[in-house]
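Enquirer: for reference, the sequence and a predicted model appear below.
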Amino acid sequence: MATKTKSAAAVEELSTEEKIGVLYALQQIDSKRDSINHIKGELPYEVQDLEDVISGLETRIAGYAAQAEELTREVKTKKEEIEQAKGLIKKYEAQQDDVRNNREFDSLSKEIEYQKLEIELAEKRIKEFNAEVKNKKKQIEETKELLEDRKIDLEAKRTELAGIEADTAKELEDLQKQADAARGKIDERLLSAYDRIRKNVRNGLAVVTVKRDACGGCFNRIPPQRQLDIRMSKKVIVCEYCGRVLVSDLLDNNSSEEENR
């Protein structure tokens, strides 16, 4: 509790002009981080997309394999049915030798004919199942080839992304420390507004300077009296058109001088 009170007191010690300066400094830090992250471009999304594609292909291969396995079991079942039918045919043919009248003979003949039809049907189904198994195996091979290609693409993208992250890790770490320090000097209300604006604008610029009498974000003209108020930095002023916080271009000049030292 004591730490929070001390932090709040530290924030209150800053004048409005100083808070605006710190807020603009935070914007510059965040813009540098945005620029570094921009170097990565679409790589993080491409890596994620490829991972999703690979996962989908692996699921598809597993599905084809399961279907092929089920079809193979069906072939085995049909072969067993054929053997059973052949056994019944032999049984019925043997019984025909002992029949006492034509009616019994005809009845056994019908049973034999029925079993022969069952064999034909089973053989037809076996051919169909074998053809489907062959097709599934072909689909598995084609999908595996596609999977290997996507894995190669993913490895290349990951390597490229890892290289960029390794090159920029130290700078991003330093910028994060600077951003944390700056954010610690800004009151929560102003910081919340800053974060909200950054989230809602395309280029992440929540704080902009007035350049050539216009807002540095949306480029709408700023009236002279309002420009004077912005230069005085007695209060936080936002653009009435885009909602960005407006600061004096003198801050931009001061920032450039500090970087050149």
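Expert: The structure has been received and is ready for your questions. No experiment lies behind these values; they were computed from the predicted model shown.
Enquirer: what ranges do the helices span in the stretch 151-261 of the chain?
Expert: 188-200, 224-232, 249-260 (DSSP state H, counting those that start in this stretch).
Enquirer: closest one to residue 135 among those helices?
Expert: helix 188-200 (50.7 Å; C-beta to C-beta). Just so you know, the C-beta spots here come from the backbone N, C-alpha and C atoms, and that holds for glycine as well.
Enquirer: run the chain-centre distance for that closest one.
Expert: In this view, helix 188-200 has its centroid 26 Å away from the chain centroid, taken as C-alpha atoms, centre = their mean, to the nearest Å.
Enquirer: now it - C-alpha only, PDB.
Expert: The C-alpha trace of helix 188-200 is given here as PDB (Å, rounded to 0.1, in the frame of the first residue of the first chain):
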ATOM      1  CA  GLU A 188      -3.500   5.900 -15.000                       C
ATOM      2  CA  ARG A 189      -6.200   8.000 -16.600                       C
ATOM      3  CA  LEU A 190      -3.900   9.600 -19.100                       C
ATOM      4  CA  LEU A 191      -2.100   6.300 -19.700                       C
ATOM      5  CA  SER A 192      -5.400   4.500 -20.300                       C
ATOM      6  CA  ALA A 193      -6.500   7.200 -22.800                       C
ATOM      7  CA  TYR A 194      -3.100   6.800 -24.600                       C
ATOM      8  CA  ASP A 195      -3.400   3.100 -24.800                       C
ATOM      9  CA  ARG A 196      -6.900   3.300 -26.100                       C
ATOM     10  CA  ILE A 197      -6.000   5.800 -28.800                       C
ATOM     11  CA  ARG A 198      -2.900   3.700 -29.900                       C
ATOM     12  CA  LYS A 199      -5.200   0.700 -30.200                       C
ATOM     13  CA  ASN A 200      -7.700   2.500 -32.300                       C
END
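Enquirer: quick one on the thing from earlier: residue 21: which of the helices of the stretch 151-261 of the chain is closest?
Expert: That would be, of the helices of the stretch 151-261 of the chain and by C-beta to C-beta, helix 249-260, which comes in at 6.2 Å.
Enquirer: go ahead and confirm residue 231 touches residue 251.
Expert: No: Residue 231 is not in contact with residue 251 according to C-beta atoms under 8 Å; the separation is 9.8 Å.
Enquirer: more neighbours: which of the two?
Expert: residue 251 (21 against 14; other C-beta atoms under 10 Å).
Enquirer: OK, contacts around the closest residue to that one other than its chain neighbours?
Expert: Spatial nearest neighbour of residue 251, excluding adjacent residues (C-beta to C-beta, 6 or more residues apart in numbering): residue 24 at 5.0 Å. Shown in contact with residue 24 (C-beta atoms under 8 Å, 6 or more residues apart in numbering): 207, 209, 247, 251, 255.
Enquirer: where's the most centrally placed residue in the chain, which helix or strand?
Expert: Centroid-nearest residue in the chain, with C-alpha atoms, centre = their mean: residue 48, separated by 4.6 Å. According to DSSP states H and E, residue 48 maps onto helix 43-96.
Enquirer: how many neighbours does the closest residue in space to residue 218 that isn't next to it in sequence have?
Expert: Leaving out its chain neighbours, the residue that sits closest to residue 218 by C-beta to C-beta, 6+ apart is residue 242, at 3.8 Å. Other residues near residue 242 number 18, with proximity taken as other C-beta under 10 Å.
Enquirer: heads up, I number from 12, so please use that
Expert: Happy to do that; since the first residue is 12 now, the last one works out to residue 253.
Enquirer: residue 43 is nearest to which of the helices of the stretch 162-272 of the chain?
Expert: If we rank these by C-beta to C-beta, the stretch that ends up nearest is helix 260-271, at 10.9 Å.
Enquirer: the helix or strand hosting residue 140 packs against which elements?
Expert: Mapping residue 140 onto the secondary structure by DSSP H and E places it in helix 113-194. Helix 113-194 is packed against helix 27-51, helix 54-107, with contacts defined by 3 or more C-beta pairs under 8 Å, 6 or more residues apart in numbering; DSSP states H and E.
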